[in-house]
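Colleague: All I have is the shape, not the residue letters:
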């Protein structure tokens, strides 16, 4: 009875934490989706770039799996540096994420959607329309995947961005955070997860591994506030899963 | 005008070569599919496991891109340890590979399919039906993706398997090679790529990085024998590709 988690957004959802900065998470009840199938957790969860590293969903899943005593599967679809226009309905990223979620749904039930994005929408022409664009995209994910009873959690951008080298980012990220907060308040089953006090890698752009661990905990706390406690998770069996060969781990 | 290459099979197509054993390939005209979009080549091309490494498609693509002066995109869908029953029509792996190929086809034209698999079908009940099962699956890929004018290249299993710890593998891999050769001879636009003389990692199971480089060259030579020289590759533009942000590389 796998509870799966869809991960969408840009690099801070993909995860750029340095593995050497934190203890690895060992939990046999966390899986990652690879080629439509579940594999035991390994880092990077979301291999979108050669710089992919520790991801906030690791501590989220660890807490979830232990708290509810279930298996948690992560569906990694975040892509570094992408702006909302690249996530619009019918885009490569939108369609890819929907298809991965559909494949995962053959063997699991989606329990939450984690979103972190906005750094790439800090431009003067982008941030004023952020909430409007985000609402359309998230509503499309809910409709396409049947996720009206599932919490969507959107995380805030880090305050360390005020030191980022790009002036539009360091100035306007606060408007993205305001938009994310307002979007979460205005929509059911949607929560804002603050990034207050979290720190970055030396690039002043990506959350550090330690902060990603903490951020994952905050995402889970918000999840608990929003979840539908009556949601039913059924056992799903794909014929594939009955076929195992001794070489499968190699 | 991107020429794309679908990579399917088990661990020796995914690639388990040690990167430290070979020179890296630097070629701006090689891309890998990530989340439905093209990124510059990096290793591992096919991140199906934490053990994923050098892949035979790297040298194949390098030779192809330089020989034809085009951009080559790799679509990684191989999955370690999988047997043919896990690739049957409608399976998670089959459907995943078809969808990745379809997403890739929005911005490229598929030029070849590279297959390497068989180690997981060496069992006494499996190898006698290998050719029959393989034919059904490959025909389904051709039909589903419209690939009747595209070479399908199937590689032989390495002779080092005679030293592998599993008796059925060390004894029966020769029957898989015979089946692959016969399948290739019996079908149009299909070629067998011999693995004669190639060597393995210390596990006697996975091709070494050096041998994968050589194997990729052999795949390309077989591709040249089979390709339809009149095949048309058109420029395809996704609306996505026009959108770029400065953060996209991060």
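Modeller: Nice, thanks for sending it over. Worth saying up front: this structure is predicted, and the values here are computed from it rather than measured. Numbering: from 1, shown residues only, chains lettered A, B, ... in the order given.
Colleague: Go through the helix or strand hosting residue A:62 and flag the buried ones.
Modeller: Counting by DSSP states H and E, the element that carries residue A:62 is helix A:57-68. Residues A:57, A:58, A:59, A:60, A:61, A:62, A:63, A:64, A:65 are the ones in helix A:57-68 that count as buried (16 or more other CB atoms under 10 Å in any protein chain shown). Backbone N, C-alpha and C define where each C-beta goes, glycine included.
Colleague: Check stretch A:100-118 too.
Modeller: For stretch A:100-118, burial by neighbour count (16+ other CB under 10 Å) applies to A:100-101, A:103-118.
Colleague: Briefly note if it comes near chain B.
Modeller: Yes. Against chain B, stretch A:100-118 shows contacts by CB under 8 Å from any CB of the partner chain at A:103, A:106, A:107.
Colleague: Tell me if I'm right that the second one and residue A:238 touch.
Modeller: Yes. The criterion here is CB atoms under 8 Å, and residue A:106 meets it with residue A:238 at 5.2 Å.
Colleague: between the two, what contacts are shared?
Modeller: Counting by CB atoms under 8 Å, 6 or more residues apart in numbering or on different chains, the residues touching both residue A:106 and residue A:238 are residue B:92.
Colleague: ok, residues contacting the helix or strand where residue A:140 lies?
Modeller: Element membership for residue A:140, per DSSP H and E: helix A:130-145. Contacting residues not belonging to helix A:130-145 are listed as A:6, A:8, A:84-85, A:87-89, A:94, A:97-98, A:101-102, A:105, A:110, A:113, A:115, A:118, A:121, A:147-148, A:150, A:152, A:154, A:175-176, A:179-180, A:182-183, A:186-187, A:190 [CB under 8 Å, 6+ apart].
Colleague: Narrow the residues you listed to those that are buried.
Modeller: Buried members of the contacts of helix A:130-145, scored by 16+ other CB under 10 Å, are A:6, A:8, A:84-85, A:87-88, A:94, A:97-98, A:101, A:105, A:110, A:113, A:115, A:118, A:121, A:147, A:150, A:152, A:154, A:175-176, A:179-180, A:183, A:187, A:190.
Colleague: where are the low-confidence patches of chain A?
Modeller: A:239-250 (pLDDT under 70).
Colleague: Strands of that one, start to end?
Modeller: Ranges of strands within chain A are A:2-9, A:30-34, A:37-40, A:71-76, A:109-116, A:152-155, A:190-193, based on DSSP state E.
Colleague: What are the boundaries of the helices in chain A?
Modeller: Applying DSSP state H to chain A gives helices spanning A:11-14, A:57-68, A:92-104, A:130-145, A:167-186, A:209-226.
Colleague: between those helices, which one is nearest to residue B:234?
Modeller: The stretch from the helices of chain A with the least distance to residue B:234 (CB to CB) is helix A:92-104; that distance is 18.1 Å.
Colleague: Any idea how far the closest one is from the middle of the chain?
Modeller: Taking the mean C-alpha point of helix A:92-104 and that of its whole chain, the gap between them comes to 13 Å (CA atoms, centre = their mean, to the nearest Å).
Colleague: what's the angle between that helix and strand B:30-34?
Modeller: On the basis of axes from the mean of the first three to the mean of the last three CA atoms, to 10 degrees, helix A:92-104 is oriented at 50 degrees to strand B:30-34.
Colleague: residues making contact with helix A:92-104?
Modeller: With CB under 8 Å, 6+ apart as the test, helix A:92-104 has contacts from A:4, A:6, A:8, A:33, A:36, A:73, A:75, A:77, A:79, A:82, A:86-88, A:110, A:137, A:140-141, A:144-145, B:35-37, B:92, B:95-96, B:99, B:103, B:106-107, B:238, B:240.
Colleague: Next, the angle strand A:109-116 makes with that helix.
Modeller: 150 degrees.
Colleague: hang on, residue A:17 packs against residue A:209?
Modeller: Yes. The pair formed by residue A:17 and residue A:209 meets the contact definition of CB under 8 Å, at 3.0 Å.
Colleague: Could you check which of these two is surrounded by more residues?
Modeller: Under the neighbour definition other CB atoms under 10 Å in any protein chain shown, residue A:17 and residue A:209 were set side by side, and residue A:17 has more, 26 against 23.
Colleague: I'd like to know how far the more buried one sits from chain B.
Modeller: For residue A:17, the distance to chain B equals 14 Å [CB to the nearest CB, to the nearest Å].
Colleague: And residue A:63, by the same measure?
Modeller: From residue A:63 over to chain B the distance is 23 Å, taken as CB to the nearest CB.
Colleague: what do you get for residue A:112?
Modeller: In this view, residue A:112 and chain B are 20 Å apart by CB to the nearest CB.
Colleague: Please name the residues that touch that residue.
Modeller: By CB under 8 Å, 6+ apart, residue A:112 lies in contact with A:5, A:6, A:150, A:151, A:152, A:153, A:223, A:227.
Colleague: okay, now the last one: neighbour count?
Modeller: In other words, residue A:227. With neighbours defined by other CB under 10 Å, the count for residue A:227 comes to 16.
Colleague: Spit out the contact partners of the residue lying closest to it once chain neighbours are set aside.
Modeller: With sequence-adjacent residues excluded and distances taken as CB to CB, 6 or more residues apart in numbering or on different chains, residue A:227 is closest to residue A:151, at 5.8 Å. For residue A:151, the contacting residues are A:112, A:113, A:189, A:190, A:191, A:222, A:223, A:226, A:227, by CB under 8 Å, 6+ apart.
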